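**Student:** Have a look at this fold, sequence not included:
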């Protein structure tokens, strides 16, 4: 374990300091040689995940060696900037699940009237404990909800989506990035898949409780939210996914309460 950690530190240092740094992290604005893989990269992913070509993180190019930001943070930051969401936050109420540091900083700079950072299991005193299945917010009281790769961890996603619809104001928006497979015709879960190893092999991660299929957008909008899904090339054509270390196949999951 110690050897692996030292090897990773050396790999990160090389990526950060060796000449030829042509990748750019939009979180820390530093050029690096490459982005670090997650758990050894795509080749070490569970066989089923590789066979189903899961759309989510690019496991080969995840972590910035300079600031530690993930590809999911970089992509979300770009999506929110290009859609003008950061500018619109001024004076609004924002609820942010599993808050990423890079996104938190940008939201604070945007001047929200109220900003609630929350998690079911908070790891920081500034993060409130909030269960997505029973959110302590009034009906139609929130302008923006951010849940970046959260729904795949929630036991009853249908109930969570109804809660999201309930607390959003008319015209309010929800960002609901979630891994999925277009090869899977329908979202898949099974109560018998209950231990870490089984969930890892079936859903791609030990704490995931389902694997979304190509019905994902219909499923996420079934509570009454209107999908406004945009592809990387529609919003971020000027950002080379290789240079910026993001997964071109991951769309922007934006939903609006009519």
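**Tutor:** That came in fine, so what should we check first? Owing to the predicted nature of the structure, the values given are computational and were not obtained by experimental measurement.
**Student:** Contact partners for residue 148?
**Tutor:** Contact partners of residue 148, counting by C-beta atoms under 8 Å, 6 or more residues apart in numbering, are 72-73, 76, 97-98, 100, 103, 175, 177. Placement of C-beta: from N, CA and C, glycine included.
**Student:** what about residue 198, how many neighbours?
**Tutor:** Neighbours of residue 198 under the rule other C-beta atoms under 10 Å: 13.
**Student:** ditto for residue 217
**Tutor:** So residue 217, with other C-beta under 10 Å, has 16 neighbours.
**Student:** What ranges in the stretch 151-258 of the chain fall below the confidence cut-off?
**Tutor:** Applying pLDDT under 70 to the stretch 151-258 of the chain flags no residue at all.
**Student:** re the thing from before, need the contacts of residue 148 in JSON lines with secondary structure, distance to residue 238 and neighbour count, can you?
**Tutor:** Output for those, formatted as JSON lines (DSSP: H, G, I helix; E, B strand; the rest coil; distance: C-beta to C-beta, whole Å; neighbours: other C-beta atoms under 10 Å):
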{"residue": "72", "secondary structure": "helix", "distance to residue 238": "20", "neighbour count": "21"}
{"residue": "73", "secondary structure": "helix", "distance to residue 238": "19", "neighbour count": "23"}
{"residue": "76", "secondary structure": "helix", "distance to residue 238": "17", "neighbour count": "25"}
{"residue": "97", "secondary structure": "strand", "distance to residue 238": "29", "neighbour count": "26"}
{"residue": "98", "secondary structure": "coil", "distance to residue 238": "29", "neighbour count": "18"}
{"residue": "100", "secondary structure": "coil", "distance to residue 238": "23", "neighbour count": "20"}
{"residue": "103", "secondary structure": "helix", "distance to residue 238": "21", "neighbour count": "22"}
{"residue": "175", "secondary structure": "strand", "distance to residue 238": "21", "neighbour count": "21"}
{"residue": "177", "secondary structure": "coil", "distance to residue 238": "21", "neighbour count": "21"}
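**Student:** could I get those residues as CSV with distance to residue 112?
**Tutor:** Converted to CSV, the contacts of residue 148 look like this (distance: C-beta to C-beta, whole Å):
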residue, distance to residue 112
72, 22
73, 19
76, 17
97, 15
98, 18
100, 16
103, 12
175, 14
177, 20
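**Student:** Any regions of the stretch 1-150 of the chain where pLDDT drops low?
**Tutor:** The model of the stretch 1-150 of the chain has pLDDT under 70 over residues 1-13, 15, 17-19.
**Student:** quick one on the thing from earlier: now, which of the contacts of residue 148 sits nearest residue 52?
**Tutor:** Checking the contacts of residue 148 against residue 52 by C-beta to C-beta gives residue 177 as the nearest, at 17.9 Å.
**Student:** give me every residue that touches that closest one.
**Tutor:** The contact partners of residue 177, by C-beta under 8 Å, 6+ apart, come to 72, 76, 147-149, 250, 252-253.
**Student:** Now flag whichever of the contacts of residue 148 is closest to residue 201.
**Tutor:** Nearest member of the contacts of residue 148 to residue 201, counting by C-beta to C-beta, is residue 72, at 21.9 Å.
**Student:** Okay, now stretch 102-122: how far is its last residue from its first?
**Tutor:** Start-to-end span of stretch 102-122 (C-alpha to C-alpha, to the nearest Å) is 17 Å.
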